[in-house]
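[1] sequence unavailable; structure follows:
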């Protein structure tokens, strides 16, 4: 039952209390909540405490946390401790819990560019994230196929770059609604505006931003990545990220930097001239690094910390302005994690949790055997691994299949990111815990797919 | 747009008619329907005609069919011909259509034993089936894990064999509702009561039905397949199938016969004695054939034609009572199809359409390259291939993911089973057709997952 309470097996005393069905009785069951912090944090921070202590006894429970966010986590646990008997009475067992997350960053990436996700689908995902104690909604909001973010400074970006300028956009009010809904659940909204690659849709509403590609000395009419050789690019980006910084309250912003194709840059005479001028020779990774450094400087001048995909680190290890690197490539991802922390940078690990990839439901099991810290390194280096992220890219995913593809597989990742590593690594013992938790998700209206043959008391109703 | 009208490319004249937005105008657009058959068929038969002709011109359409079922198919096509412009006006193009199905049997198997599917989820699937011109709902209603069919003759079967005796069953009224809902959409309900294997759940409510397994001459307390050596078995089956025959109006019944494990039979002294008595030696396939022949005789005495899984044919090719064989095994399924038709039996092909198997959405493409008749054989033999079936087994599927896993991949199979083989075999040309049809399904509330990056005018609303 206690999928998400870390220390329960150590401290929980499972004494059955017959008279604690007081939910139905005359005397209301009381949950007393105390928060240590004098001033309420208005928005969850990267280092906000989520620790809480809870004690449940006859007729009452007391919950103490350092912050409101910790109190929210405790209430989530409490709601999962309550159960119903066959006659509909509610029960809770006597217990004592000390609980805190293993990793401070526990995210889900959702991609609203390859398919547009109606706001309601996003809010529903935030509900499910809260049930799973995820705390970062990484909103990969724009990409090549479409630009649904309705910028107030550059309205043409969505007017010309969205799948539809009216029905397939996120208005400022939509974005505020998502941020507010997330905040009330202790979830940060981390916006990603990926560049210089993955920007085809930007070009439609911002002429001159992308690099014109050439063939045989003549422009082909097609465009490549953002043009890093043009001063207007940086002027635009400064203005654009200024807006982003004021719209999204989080102190982090994801600036992408992955999978930049150099061939269009190479074809363009202006870009080549700029390379010459800058002394980059024929090394386009230097140009890419130059561009990313400018973007990171823009965001840091706006008091935001930039997060980048690992490509930026790989091509430009000694960039002094980097601070957080997201590792996403397959293969020996722990080797990469080690390289990043050895450079003194923080890591978010995504490689093992690409849940958009097709595969059987039962690959949930593999998520219990991910060990993000199983590399040779000092304690200090291991502390640089700040967490992990489930990625749900949008090529084959939209509101029709987002939920069953995420849940309950992401729950397995969530448990591993929150709970004690050794207590949760057994797949055999995880199965009934996860199956039960999946039924809880169904009960709450989350379309979580089955792990294997079986049933839930409350099946999903179409 | 015309995913499901066979001859459209041959006969359709795509003249644009500007004044046919009469849906909004003063004069109603009239669709005149005529049916040749004097007496209405009350239930669709295996050989019912689904052919229709339709002609659409300014202000009116006329639809003629031999049967009401053909008229339903024509109306479905008509509804798919209608489209909306950006201002919400409805249009239909002038056209002439002669349309008929390539195969008479176009089914979907749904498994309500490994997971219980609420009746609403089944009805929703029937809606989607009708939009896709599927005409057989193969209800794999019971299996090892649970027995949700609430038998009036043997109520203990579900009382003890269902996941829950009250909430996870199909009452007689539920079954009638499904049959009636299907009938109104021109869909036959083909019930499957699979035996002698896949029957663990039967044993709980019908003691003595299954074979007690032995080890070292002592019963282990576990049970194997239905006991073919006991007279009471056949008495029970006769009584049970009598009920099934009266509850399900279809003239076919699927009696299963797949994947029978002989080890428990082999361990049982009574079964071995029966083998001796019958002169079967040590050949348990003979015992299996004996059992299946008895079951087929029971159903045929009830005026029902039995359909069996290929295993029955494989082990017992010369069984005179067989008539329809469903080919499901992977590998060279056309070799198997050929073997079956050479024996003069009818074939339903399922092997290429196991859609419950995990896999990327984009494996829809492979369904356009299935050629059920691409084996060496006479015209007469090819006519014995009566159709195909999409299988959605329930190990990893329930109401949470049934729809996105079925659609639009099953639509690809549907088109191939209905439409002309050569006109629909190009994957490139199928893509926009299928993508558009998927948007139509979304518009109608079917949770059909995306084929690839893109959008629909009306996205699915959670």
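    Yep, it's here. Because the structure is a prediction, the values reported are computed rather than measured.
[2] tell me which element whichever residue of the stretch 101-250 of chain A sits closest to chain B is part of?
    Nearest to chain B in the stretch 101-250 of chain A, going by CB to the nearest CB, is residue A:163, at a distance of 3.9 Å. Placement of C-beta: from N, CA and C, glycine included. Following DSSP states H and E, one finds residue A:163 outside all helices and strands.
[3] excluding its backbone neighbours, what's nearest it?
    The shortest distance from residue A:163 to any non-neighbouring residue, by CB to CB, 6 or more residues apart in numbering or on different chains, is to residue B:455 (3.9 Å).
[4] give the rounded mean pLDDT of stretch A:73-83.
    The pLDDT scores in stretch A:73-83 average 96.
[5] swap in stretch A:389-398?
    For stretch A:389-398, the per-residue pLDDT averages 96.
[6] near chain B at all, it?
    Yes - applying CB under 8 Å from any CB of the partner chain, one finds stretch A:389-398 in contact with chain B at A:394, A:395, A:396, A:397, A:398.
[7] report how many residues lie close to the second one.
    It stands for residue A:395. 19 (other CB atoms under 10 Å in any protein chain shown).
[8] how about the last one?
    Each residue near residue A:398 was counted by other CB under 10 Å, and the total is 26.
[9] is it true that it touches residue A:122?
    No - applying CB atoms under 8 Å, one finds residue A:398 not in contact with residue A:122, separated by 11.7 Å.
[10] and for these two, which residues touch both?
    Listed contacts common to residue A:398 and residue A:122 are nil; contacts here mean CB atoms under 8 Å, 6 or more residues apart in numbering or on different chains.
[11] related to what we said a few turns ago, now name the helix or strand holding the residue nearest to residue A:163.
    Short version, using DSSP H and E: residue B:455 is in no helix or strand.
[12] which residue is the nearest non-sequential neighbour of residue A:335?
    That would be residue A:375: by CB to CB, 6+ apart, it lies 7.5 Å from residue A:335.
[13] ok, that neighbour to chain B distance?
    Going from residue A:375 to chain B by CB to the nearest CB, to the nearest Å gives 31 Å.
[14] okay, now that residue: neighbour count?
    Neighbours of residue A:375 (other CB under 10 Å): 19.
[15] SS state for it?
    Following DSSP: H, G, I helix; E, B strand; the rest coil, we place residue A:375 in the coil state.
[16] now do the contacts for it.
    A:334, A:335, A:337, A:338.
[17] hang on, the earlier thing: these two touch, right, the residue nearest to residue A:163 and residue A:117?
    No - contact criterion CB under 8 Å: residue B:455 and residue A:117 do not qualify, at 10.6 Å.
[18] what about those two, which has more around it?
    residue A:117 (28 against 21).
[19] for the stretch 101-250 of chain A, which residues are neighbours of chain B?
    Going by CB under 8 Å from any CB, the residues of the stretch 101-250 of chain A near chain B are A:114-116, A:118, A:120-121, A:124, A:145-146, A:163-164, A:167-168.
[20] now the strands for the stretch 251-400 of chain A?
    For the stretch 251-400 of chain A, the strands defined by DSSP state E, counting those that start in this stretch occupy A:252-256, A:305-309, A:324-327, A:346-349, A:385-392.
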